[in-house]
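Peer 1: sequence and computational prediction follow.
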Amino acid sequence: MPNDDLGQKIERTAKKIGKDIEEEFKDIDLEKKMEDFGKSVEKGWNEKLGMLGPAVTTLFGFAALAIFIYIFKYSEILGKGLAYDIASLFEEYFLILVVLLLVFNYVNYYLERMEDTGKYIKPFSGAASFTISLWFISKILLLVDKNYDVAFVGGLANFLHDNYLMFFFLYLGINFVYLFLKGMLGGMGEY
């Protein structure tokens, strides 16, 4: 019986702590604060470095990717396995990834400066980036399936791999519907 009492006591205490934390932070929109912080850092970064900002960002991405590959492939901490296979995949496409990172960083940099026309071009950039990310995710899921033989993961990887264009146009369509509704609802507020 003492264990039951202890378990119930811990449960009541955890619920009280949870309610106290929820009450403390109920008026704080953490997601909005993080988004605003990210935008202010990006704006300050681009103002200080100008056209070099995307190149410096790419260098950080290059370094992070190189460290990831080194840790999981060449340090032999984990031996050969899933992490090794994923690092090998990134090593195989390393140059392409760095070039894509540089291109997308500069595209976003210039689209931010082209306020009116940029908002109509940005969905294409986002859709391309999203589709390329899905391609890499499908490759990683295939590696997971190869290492652990999980049918669901293999099926999901094949579905992603076979439907790139659908995801590209779906992403594009959602963005243009959003822009249309934003413009339509923004126009209603002016009257």
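Peer 2: Received it, and whenever you're ready, just let me know what you need.
Peer 1: please enumerate the helices of this protein.
Peer 2: All helices of the chain, identified by DSSP state H, fall at 2-25, 30-49, 53-69, 82-92, 94-113, 115-148, 151-162, 164-189.
Peer 1: can I get these in JSON lines with mean pLDDT and mean neighbour count?
Peer 2: Glycine gets a C-beta too; all of them are placed from N, C-alpha and C. Rendered in JSON lines, the data for these read as follows (pLDDT from 0 to 100; neighbours: other Cβ atoms under 10 Å):
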{"stretch": "helix 2-25", "mean pLDDT": "71", "mean neighbour count": "9"}
{"stretch": "helix 30-49", "mean pLDDT": "71", "mean neighbour count": "11"}
{"stretch": "helix 53-69", "mean pLDDT": "89", "mean neighbour count": "15"}
{"stretch": "helix 82-92", "mean pLDDT": "89", "mean neighbour count": "17"}
{"stretch": "helix 94-113", "mean pLDDT": "90", "mean neighbour count": "15"}
{"stretch": "helix 115-148", "mean pLDDT": "89", "mean neighbour count": "16"}
{"stretch": "helix 151-162", "mean pLDDT": "89", "mean neighbour count": "14"}
{"stretch": "helix 164-189", "mean pLDDT": "83", "mean neighbour count": "12"}
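Peer 1: list the contacts for the closest residue to Glu91 other than its chain neighbours?
Peer 2: Excluding the flanking residues, the one nearest Glu91 by Cβ to Cβ, 6 or more residues apart in numbering is Ile69, at 5.0 Å. Contact analysis of Ile69 by Cβ atoms under 8 Å, 6 or more residues apart in numbering lists Ala87, Phe90, Glu91, Phe94.
Peer 1: do Phe176 as well
Peer 2: Pro123.
Peer 1: repeat the analysis, applying 10 Å as the threshold.
Peer 2: Phe176 sits next to Tyr120, Pro123, Phe124, Ala127 when contact means Cβ atoms under 10 Å, 6 or more residues apart in numbering.
Peer 1: just Phe130 next, same as before
Peer 2: Pro123, Tyr164, Phe167, Phe168, Leu170, Tyr171, Leu172, Asn175.
Peer 1: surely the fourth one touches Phe124?
Peer 2: Yes - if you go by Cβ atoms under 10 Å, Phe168 and Phe124 touch, sitting 9.3 Å apart.
Peer 1: pretty sure Phe104 is touching Ala127, no?
Peer 2: No - with contact taken as Cβ under 10 Å, Phe104 and Ala127 are classed as non-touching, separated by 11.7 Å.
Peer 1: sorry, back to before: now, which of the contacts of Phe176 sits nearest Phe37?
Peer 2: Closest approach to Phe37 among these (Cβ to Cβ): Pro123, at 24.5 Å.
Peer 1: how much space between the closest residue to that closest one other than its chain neighbours and Arg113?
Peer 2: Spatial nearest neighbour of Pro123, chain neighbours left out: Asn175 (3.5 Å); criterion: Cβ to Cβ, 6+ apart. When Cβ to Cβ, to the nearest Å is the yardstick, Asn175 and Arg113 sit 19 Å from each other.
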